[in-house]
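Colleague: what's the 3D shape of this:
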Amino acid sequence: MPLTRRPLLPGEPDYERWLVFLFPLSWAFAGILFFLLPQKLPPCPLYHITGIPCPGCGSTRATSALLHGDFLRALWFNPLWVLTCLAALLVWLHCLRAVLRGKTRWRCDHLTRIENRLLRLAFVLLLLANWGWVLFREFSSASH
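Modeller: Below is the predicted model:
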């Protein structure tokens with residue numbers, strides 16, 4: 001994968017500068033919502049209609065657990081969402097460092113067709129594995 005560290009080109013967007021501000025704002029907004037909303041949130045529409053949880057089921061509870069500092073409980077509800085939140089935090093830390101330290105940025109300029117397909121396949125496999133976990137969690141806890 002052609003990942004290179006280079007200066008920004010003239011007119012190229014500085015994504016890191018935007019993300020440094022947007023990430024904390026989004027978490028502050030999520031925190032305000034979770035602490036101000038009632039404890040009983042509406043159910044997942046797919047689960048409500050079919051009884052089958054969607055791949056994202058548990059994300060709301062996982063976010064609430066993260067905001068309350070309960071990392072293991074958050075992983076139980078939806079591990080892919082928790083890993084996505086952690087990856088977002090790492091990206092934010094990288095962006096903060098890039099903005100504070102210099103003008104060069106990491107850029108992935110060109111993906112080959114095979115690299116693009118492999119990334120898509122990896123995303124689909126992660127989503128399916130997470131859905132398998134969500135189904136396992138739901139139906140194993142329902143039988144007890």
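
Colleague: The protein: helices as residue ranges?
Modeller: Counting by DSSP state H, the chain has helices at residues 15-36, 45-50, 59-67, 71-77, 79-101, 113-142.

Colleague: Let me know which of the ones you listed is tucked in deepest.
Modeller: Ranked by mean neighbour count, the helices of the chain are led by helix 59-67 with a mean of 20 (mean count of other CB atoms under 10 Å). C-beta here means a position set from N, CA and C on the backbone, and glycine is covered the same way.

Colleague: Distance from that one to the middle of the chain?
Modeller: 12 Å (CA atoms, centre = their mean, to the nearest Å).

Colleague: quick one: contacts of it?
Modeller: The contact list for helix 59-67 (CB atoms under 8 Å, 6 or more residues apart in numbering) reads 30-31, 34-35, 41, 71, 73-75, 77-78, 81-82, 85.

Colleague: just the CA coordinates of it, formatted as PDB?
Modeller: The C-alpha trace of helix 59-67 is given here as PDB (Å, rounded to 0.1, in the frame of the first residue of the first chain):
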ATOM      1  CA  SER A  59     -23.600   0.000  19.800                       C
ATOM      2  CA  THR A  60     -25.700   2.400  21.800                       C
ATOM      3  CA  ARG A  61     -25.200   0.400  25.000                       C
ATOM      4  CA  ALA A  62     -21.500   0.000  24.100                       C
ATOM      5  CA  THR A  63     -21.200   3.800  23.800                       C
ATOM      6  CA  SER A  64     -23.000   4.300  27.000                       C
ATOM      7  CA  ALA A  65     -20.700   1.800  28.700                       C
ATOM      8  CA  LEU A  66     -17.600   3.600  27.200                       C
ATOM      9  CA  LEU A  67     -18.800   6.900  28.400                       C
END
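
Colleague: Since that was my last question, I'll sign off now.
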